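*Asks:* below: sequence and its predicted model.
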Amino acid sequence: MYQKLKECKSLKEIYEVIPEEFYEKCAVVLIFFMNMVIVVESLTRLITHRTSFETMVRNYYIVGTLSVIYAVIYIVGKLYKFTFGEIKEYFKNNIWEVFFLILFLLATLSIVAAGDKQKAFQGHWFRQNGIRSYCIYLSLYIAGKTLSSNKSRKTILWTIAITSTIQDIIILMKYLGYYGSYSGGFYNSNHSGYYITMAIFALAGLVIFEQKYIFKINAAILYAFNIMCLVINNTFGCYVAVMFGIAFMFILTVVKYAGVSSGCVMMIVIFLIMSIVMNRETGNISHNFNITSNDIENISKRNGEAKNAGTGRMELWMSAIDVISHKSVMGCGAENIEDETECIGVPHNEFLQIAAEYGVFACLSYIVGLITLMISKTRNLKNESEYTIICGAIVFVYLVSSMFGVMMFYTAVFYYTFLGIVSNDGNSTQCDNIGGNT
């Protein structure tokens, strides 16, 4: 390829020489290093007993900037190769991406309505969720979309699984009484929970579909370990997301293969065993269900405690709705919600946060995009790769957990990566299964 590049006399000729495999390999490297941002922070804590949020943010933006450059090069290459008619046909077949682009454009335009435009672009010092991070999310979405081979997809699943396990060690050490933190390699236990939840379903997919027993057994062990650490981590919204996610993955697998596989049974049994054992050990699960039951009762009675439902989330949600009602068109601008007089804090619900900061139409575009993507994939489920099910489950559980959490740069970036993998139009007729039929 190098010799052919030397002979090229125009940018168009260069793009014609570059094979699609080159973009895929670059995407794998970028996604791998984005996970390594978590690994570096986790190892730093384990070895030095210190944290360095500034270093973590810096590493995130280094990889993120490379991702944006990659995405620009990729998009320009496609524009050179595609005619207008082909581009139109592409968006017709991938209609959800029209809605995702609308979300991105409205998020960018919301900077006009922002009182603090610098924060809208750069993001809050902690959440780092400004417009520049949205550019990184879009870039990683594109990177995920270029992963067509099973080898690449499998590499990413094992990467997030192993990364999560490394940061889980910090959680386990805290539980055992050594230096550690229930936040793992993150800066809040909830954020760690979101990441563990995504990793759990990467491993659940490998438990179900992997045919090489040594890998299947390793995946099952790590799956059980991550469930154990999620219970210790005590992010109940994520535990609920895992419950729904297991049902979601089970149903999709049964529909695809018209039967229940041994891998599906293993996934459910391990989850139940680890839940029972860890609840006896910690009491976290039953305690959280009792709190939820009391919250539901308070809401149904509409008493004074109802506003404290969900550990105070109900009051945050109501204040976000007040912001939306006053600034429904353009929103208040990225990361500017806390500056609004009606707001008492970040809403801990990504859909409400998007509606408040970018406008109702942006939130609706996002929801419609997700729905059309889900319809397209489930309608053609029997022809889809197993990776559509695995990554679809990861996307699903993130969305469930996001209804109770804050959008953060170091968790959202992985969600958009897996969303890109799901949106890939490759299916099982184009690439081999993980290890044959289940």
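*Replies:* That came through, no problem. Residues are numbered from 1 along each chain as shown.
*Asks:* just give me the neighbour total for Glu24.
*Replies:* 18 (other Cβ atoms under 10 Å). Yep, even glycine has a C-beta here, placed from its N, CA and C like the rest.
*Asks:* Phe409 versus that one, what's the distance?
*Replies:* Note on Glu24: its distance to Phe409, by Cβ to Cβ, to the nearest Å, is 25 Å.
*Asks:* ok, Lys117 next?
*Replies:* Lys117 is 19 Å from Phe409, by Cβ to Cβ.
*Asks:* more neighbours: which of those two?
*Replies:* Taking neighbours as other Cβ under 10 Å, Lys117 and Phe409 compare with Phe409 leading, 25 against 16.
*Asks:* pLDDT wise, what is that one at?
*Replies:* The model reports Phe409 with a pLDDT of 96.
*Asks:* spit out the contact partners of it.
*Replies:* Residues in contact with Phe409 (Cβ atoms under 8 Å, 6 or more residues apart in numbering) are 57, 60, 123, 127-129, 133, 136.
*Asks:* please name the spatially closest residue to it (chain neighbours excluded).
*Replies:* Leaving aside its sequence neighbours, Phe409 sits nearest to Gln128 (Cβ to Cβ, 6 or more residues apart in numbering; 4.0 Å).
*Asks:* you'd agree the one you found is up against Asn59?
*Replies:* No - assessed by Cβ atoms under 8 Å, Gln128 is found out of contact with Asn59, at 12.0 Å.
*Asks:* higher neighbour count, the two?
*Replies:* Gln128 (22 against 19).
*Asks:* what's the spacing between the more buried one and Gly64?
*Replies:* On the measure of Cβ to Cβ, Gln128 and Gly64 end up 10 Å apart.
*Asks:* sec struct for Gly345, please.
*Replies:* coil (DSSP: H, G, I helix; E, B strand; the rest coil).
*Asks:* which residue packs closest to it, ignoring adjacent ones?
*Replies:* Distance criterion Cβ to Cβ, 6+ apart; nearest residue to Gly345, sequence neighbours excluded, is Leu316 at 5.3 Å.
*Asks:* what's near enough to touch the nearest residue to Ile321 once chain neighbours are set aside?
*Replies:* Nearest-residue entry for Ile321: Leu352, 7.0 Å, with adjacent residues in sequence omitted and distances by Cβ to Cβ, 6+ apart. By Cβ under 8 Å, 6+ apart, the contact list for Leu352 reads 317, 320-321, 324.
*Asks:* how near is Leu352 to Ser319?
*Replies:* Leu352 sits 10 Å away from Ser319, going by Cβ to Cβ.
*Asks:* repeat that for Ile232.
*Replies:* In terms of Cβ to Cβ, Ile232 sits 31 Å off from Ser319.
*Asks:* same question for Ile296.
*Replies:* To Ser319, Ile296 is 21 Å away according to Cβ to Cβ.
*Asks:* ok, the spatially most central residue of the chain to Phe236 distance?
*Replies:* Among the residues of the chain, the one closest to the centroid is Tyr415, at 1.7 Å (Cα atoms, centre = their mean). Tyr415 is 19 Å from Phe236, where distance means Cβ to Cβ.
*Asks:* so who does the residue nearest to the centre of the chain touch?
*Replies:* Tyr415 touches 198, 394-395, 398, 402, counting by Cβ under 8 Å, 6+ apart.
*Asks:* pLDDT below threshold where in the chain?
*Replies:* Residue ranges of the chain with pLDDT under 70: 1-3, 5-6, 301, 304, 306-307, 310, 425-438.
*Asks:* now Gly185, what are its backbone angles?
*Replies:* Dihedral pair for Gly185: phi -90, psi 10, per degrees, to the nearest 10.
*Asks:* ok so, going back, the more surrounded of Ile296 and Ser319?
*Replies:* Neighbour count, other Cβ under 10 Å: between Ile296 and Ser319, Ser319 has more, with 21 against 12.
*Asks:* show me what contacts the nearest residue to that one once chain neighbours are set aside?
*Replies:* Excluding the flanking residues, the one nearest Ser319 by Cβ to Cβ, 6+ apart is Ile344, at 4.6 Å. The contact partners of Ile344, by Cβ under 8 Å, 6+ apart, come to 315-316, 319.
*Asks:* which one of those residues is nearest Cys264?
*Replies:* Leu316 (37.0 Å; Cβ to Cβ).
*Asks:* what's the first helix or strand after the helix or strand containing that closest one?
*Replies:* Following DSSP states H and E, the helix or strand that holds Leu316 is helix 309-326. Going down the chain from helix 309-326, the next helix or strand is helix 350-358, by DSSP H and E.
*Asks:* chain center to stretch 20-31, what's the gap?
*Replies:* 19 Å (Cα atoms, centre = their mean, to the nearest Å).
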